[in-house]
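[1] here are the coordinates; sequence isn't available:
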Ligand SMILES: N[C@H](CCC[C@H](N)C(=O)O)C(=O)O
């Protein structure tokens with residue numbers, strides 16, 4: 001099979017994107033995804049997305065983690081596929097598209113490399129000890145850590161993701177340090193089973209958890225730094241529900257190519 005692909009990254013969370021409006025890529029082909037995402041034997045990426053037609057939306061996003069399995073919602077992937085849809089001429093500067101967790105509204109800058117993506121509303125944040133646990137389209141665990149720069153995110157993230165509570169379903173593990181004018185976040189991702197340079201649903205989960213933790217109410221904007229760059233989360237919080245949640249940040253095309261597998 002000969003595949004024409006595009007490579008995108010959003011704050012260093014990197015993805016293979018395929019225009020699958022003709023359905024030539026079979027979405028059940030987990031082995032192909034695994035092979036294409038492999039950084040030594042393939043193109044290399046944290047995940048792969050198919051852009052497909054949908055009767056009621058501008059397009060549909062199908063997201064696979066680099067382990068080859070269909071993932072839950074991917075926020076940075078969502079931003080990248082919006083930039084890709086604009087590149088293909090499927091959308092102009094605004095869109096309503098469908099992802100695994102439901103419809104998403106997004107708007108994109110004129111240059112096509114900055115995307116504000118609306119995320120699902122959240123009304124339920126649980127605790128696991130001192131950590132926060134919530135689903136922002138994907139399941140997330142959020143723990144505060146001092147001196148995060150030197151923290152062993154891989155070993156500690158892997159241990160939490162594989163403990164008795166989370167082993168079966170898996171969870172994405174986020175560590176956050178409050179730096180005063182921004183939050184610094186590092187994430188161990190389920191399905192990649194490694195630390196990634198950024199996780200969009202993860203930083204969203206962190207921003208909401210920290211608002212609850214710090215009893216912030218109203219319209220909140222949270223600047224976030226991750227290993228791969230800067231992201232911003234905006235939302236309204238009335239003390240119970242988080243609404244108008246937006247994940248904002250860069251989405252850049254890196255290269256395109258052909259590969260046969
Ligand atoms: N990198 C993604 C998260 C992918 C979710 C995936 N790791 C899963 O739990 O299925 C993001 O930007 O939100």
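    Great, that's in hand. Keep in mind that this is a model prediction, so the values were computed, not measured.
[2] what residues does the chain put near the ligand?
    13, 65, 71-72, 74-77, 138, 172, 189-191, 199-202 (CB under 6 Å from any ligand atom). Using the backbone N, CA and C atoms, a C-beta is placed for each residue, glycine as well.
[3] which residues in the stretch 1-150 of the chain form strands?
    Using DSSP state E, counting those that start in this stretch, the strands found in the stretch 1-150 of the chain span residues 2-10, 13-19, 47-52, 60-65, 94-99, 102-108, 114-118, 126-128, 131-135, 139-144.
[4] hmm, I was thinking of the stretch 151-261 of the chain
    Along the stretch 151-261 of the chain, counting by DSSP E, counting those that start in this stretch, strands occupy 172-178, 183-189, 194-196, 218-226, 229-237, 242-250, 252-260.
[5] between the ones you listed, which one is nearest to residue 147?
    strand 172-178 (7.4 Å; CB to CB).
[6] so which elements touch the closest one?
    strand 139-144, helix 153-161, strand 183-189, helix 200-213 (3 or more CB pairs under 8 Å, 6 or more residues apart in numbering; DSSP states H and E).
[7] residue 71: how many residues sit nearby?
    Number of residues near residue 71 (other CB atoms under 10 Å) recorded here: 26.
[8] now swap in residue 201 and tell me
    Using other CB under 10 Å: residue 201 sits among 30 other residues.
[9] who touches it in this structure?
    For residue 201, the contact set (CB atoms under 8 Å, 6 or more residues apart in numbering) comprises 72-75, 119, 136-138, 140, 172, 247.
[10] roughly how far apart are residue 247 and residue 205?
    Using CB to CB, to the nearest Å, residue 247 is found at 11 Å from residue 205.
[11] what of residue 173?
    10 Å.
[12] for residue 113, same thing?
    Counting by CB to CB, the gap from residue 113 to residue 205 is 25 Å.
[13] and what of residue 143?
    Applying CB to CB to residue 143 and residue 205 gives a distance of 11 Å.
[14] between the two, who's got more neighbours?
    Taking neighbours as other CB under 10 Å, residue 143 and residue 205 compare with residue 205 leading, 32 against 19.
[15] how about the more buried one: what's its closest non-neighbour residue?
    Leaving aside its chain neighbours, residue 205 sits nearest to residue 140 (3.7 Å; criterion: CB to CB, 6 or more residues apart in numbering).
[16] go on, residue 139?
    residue 171 (4.8 Å).
[17] could the helices and strands packed on strand 172-178 go into JSON lines alongside mean pLDDT?
    Shown next, in JSON lines, are the helices and strands packed on strand 172-178 (pLDDT from 0 to 100):
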{"stretch": "strand 139-144", "mean pLDDT": "98"}
{"stretch": "helix 153-161", "mean pLDDT": "98"}
{"stretch": "strand 183-189", "mean pLDDT": "98"}
{"stretch": "helix 200-213", "mean pLDDT": "98"}
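[18] which stretch among these comes nearest residue 20?
    Once the helices and strands packed on strand 172-178 are compared by CB to CB, helix 200-213 is nearest, at 21.6 Å.
[19] what do residue 173 and residue 205 both touch?
    Between them, residue 173 and residue 205 share the contacting residues residue 140, judged by CB under 8 Å, 6+ apart.
[20] who does residue 64 form a beta bridge with?
    residue 48, residue 70 (DSSP bridges).
[21] so what's it up against?
    Residues in contact with residue 64 (CB under 8 Å, 6+ apart) are 30, 33, 37, 47-49, 70-71.
[22] in TSV, list the residues you listed along with pLDDT.
    TSV is the format used below for those (pLDDT from 0 to 100):
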residue	pLDDT
30	91
33	96
37	98
47	98
48	98
49	98
70	95
71	95
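[23] so what pairs up with the residue nearest to residue 146 when sequence neighbours are not counted in the strands?
    Distances taken as CB to CB, 6+ apart place residue 177 nearest to residue 146, at 6.5 Å, with adjacent residues excluded. Counting by DSSP bridges, residue 177 is bridged to residue 184.
[24] picking up where we left off before, how many neighbours does the residue nearest to residue 205 have?
    Counted with other CB under 10 Å, residue 140 comes out at 28.
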